[in-house]
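S.K.: how would this look folded up:
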Amino acid sequence: MPPAPSQSLLSSGIPLPIPGIAAPFAFTTLEGLMSHYSQWLPGQYVYNLVEAEKEIFVVRKECSLQETRVQFLKKCENALSKSLVEAQSGKAAWDWSYVAPPVQ
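M.R.: Residues are numbered from 1 along each chain as shown. Below is the predicted model of the structure:
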């Protein structure tokens, strides 16, 4: 089940990551990565992007399971970072005013 959508960027009050600043890779779980980026991007968007990355991820036969997990987390983080930078610069194909549809 996808995570709940996040608040809009402007109302969240959470500082955005600074592009170009290299930080050590800290995510150990996919849930942690998704939760982190859901602070700035709509939760459903984050979920869909991770699902899309699963479809195109290539497992290398010479890598261990742990290395494969880290590679996938890094791939997802790169895609999420790119989306966040595009949204910050106004190049994103979606808008920040995302609101979950009303439950009927």
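
S.K.: drop to CA atoms for contacts and neighbour counts, all remaining ones
M.R.: Noted.

S.K.: what's the following helix or strand after the host helix or strand of residue 36?
M.R.: Assigned by DSSP states H and E, residue 36 belongs to helix 30-37. Downstream of helix 30-37, the first helix or strand assigned by DSSP H and E is helix 43-56.

S.K.: just the helices in the protein please.
M.R.: Along the chain, the segments classed as helices by DSSP state H run 9-12, 30-37, 43-56, 65-89.

S.K.: Quick one: work out the angle between the second one and helix 43-56.
M.R.: Direction vectors for helix 30-37 and helix 43-56, defined by axes from the mean of the first three to the mean of the last three Cα atoms, to 10 degrees, enclose an angle of 140 degrees.

S.K.: and helix 30-37, what does it pack onto?
M.R.: If you count contacts as 3 or more Cα pairs under 8 Å, 6 or more residues apart in numbering; DSSP states H and E, helix 30-37 packs onto helix 43-56, helix 65-89.
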